[in-house]
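[1] coords please:
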Amino acid sequence: MVKVIYTDAVGSIEEVDGRVGDSIMETAVRNGVPGIVGECGGSLSCATCHVFVSSETEPLLSDMSDLEDEMLDGTAVDRRPESRLSCQIKLVDGCEYRVTTPETQL
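    Below is the predicted model of the structure:
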């Protein structure tokens, strides 16, 4: 089982059970989690799934690709060191992921 805990910009929390191999973005969109648009469907071409990854979650992630790094320069809210695109974070069995969504994606 995989759990994703989404916190929005004002501190509201939503916990969702995810499916192994899905992304944090897919899980949010499927479950109606506000704050993640995922306009491109996860094709790494829009940056509307920008999230801030918690320090507890960061060790679970693979390295950021050059394309993801470039896309983060075009987010609606300025990127921070903990910024990632949630379409690029695949869920692994037995893990818990914590992310915060920015004030806006568009």
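[2] How about Lys90, nearest residue that isn't a chain neighbour?
    The shortest distance from Lys90 to any non-neighbouring residue, by CB to CB, 6 or more residues apart in numbering, is to Ser23 (5.7 Å). (C-beta placed from N, C-alpha, C; glycine too.)
[3] Neighbours of the one you found, how many?
    Per other CB atoms under 10 Å, the neighbour tally for Ser23 reads 21.
[4] give me every residue that touches it.
    42, 86-91 (CB atoms under 8 Å, 6 or more residues apart in numbering).
[5] any idea how far Thr100 is from Glu26?
    18 Å (CB to CB, to the nearest Å).
[6] which of the two has more neighbours?
    Set side by side, Thr100 and Glu26 show more neighbours around Glu26, with 22 against 17, by other CB under 10 Å.
[7] Lys3 against Val20, yeah?
    No: assessed by CB atoms under 8 Å, Lys3 is found out of contact with Val20, at 11.7 Å.
[8] Looking at those two, which one has more neighbours?
    Legend: neighbour count by other CB under 10 Å for Lys3 and Val20, higher for Lys3 (15 against 12).
[9] Which residue, neighbours along the chain excluded, lies closest to that one?
    Glu96 (4.7 Å).
[10] Same check on Asn31?
    Distances taken as CB to CB, 6+ apart place Val16 nearest to Asn31, at 4.8 Å, with adjacent residues excluded.
[11] Tell me the first helix or strand C-terminal of the host helix or strand of Val4.
    Taking DSSP states H and E as the criterion, Val4 maps to strand 2-7. Of the helices and strands lying after strand 2-7 in sequence (DSSP H and E), the nearest is strand 13-18.
[12] Which strands border the strand holding Val4, and is each parallel or antiparallel?
    strand 13-18 (antiparallel), strand 96-100 (parallel) (DSSP bridges).
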